[in-house]
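attaching a predicted model along with its sequence, questions to come.
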Amino acid sequence: MSEMHEATSVSQPFSHFERFLDSREAAALLQIHPKTLQRLARKGEIRAMRIGKLWRFRASDLDAWVHLRLKLAYRP
């Protein structure tokens, strides 16, 4: 006799996961050189994650950084 099992929905563990950009991709978004971006990350001026020797960036962090810089630049 076979049993019927109700399918249970499994929540996606990465449903809110944002893909990381490498230095080249992130620098292209900001239109700066990848080494400049890495220097900013090393100094802690821009949020980043270092995995081994490689830097990784989230687009949302880059967007927040740009908006903060614009806000500071146009402060009366």
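Alright, I've got the coordinates. Everything numeric here is computed off the predicted structure, so don't read it as measured data. Numbers count the residues shown, from 1 in each chain.

leaving out chain neighbours, which residue sits closest to the residue nearest the centre of the chain?
Computing the C-alpha centroid of the chain and ranking residues by CA atoms, centre = their mean puts residue 58 first, at 0.7 Å. The shortest distance from residue 58 to any residue other than its chain neighbours is 5.1 Å, reached at residue 18 (CB to CB, 6 or more residues apart in numbering). Every C-beta, even on glycine, is put in place using the N, C-alpha and C of the backbone.

quick check on the one you found: phi, psi?
Backbone torsions of residue 18, given as degrees, to the nearest 10, read phi -110, psi 130.

can you count the residues close to it?
A count of neighbours around residue 18, defined by other CB atoms under 10 Å, yields 10.

again with the one 10 residues further on
For residue 28, the count of nearby residues is 13 (other CB under 10 Å).

heading C-terminal from the helix or strand that contains it, find the next helix or strand.
Here residue 28, judged by DSSP states H and E, is contained in helix 23-30. Using DSSP H and E, the next helix or strand after helix 23-30 towards the C-terminus is helix 34-42.
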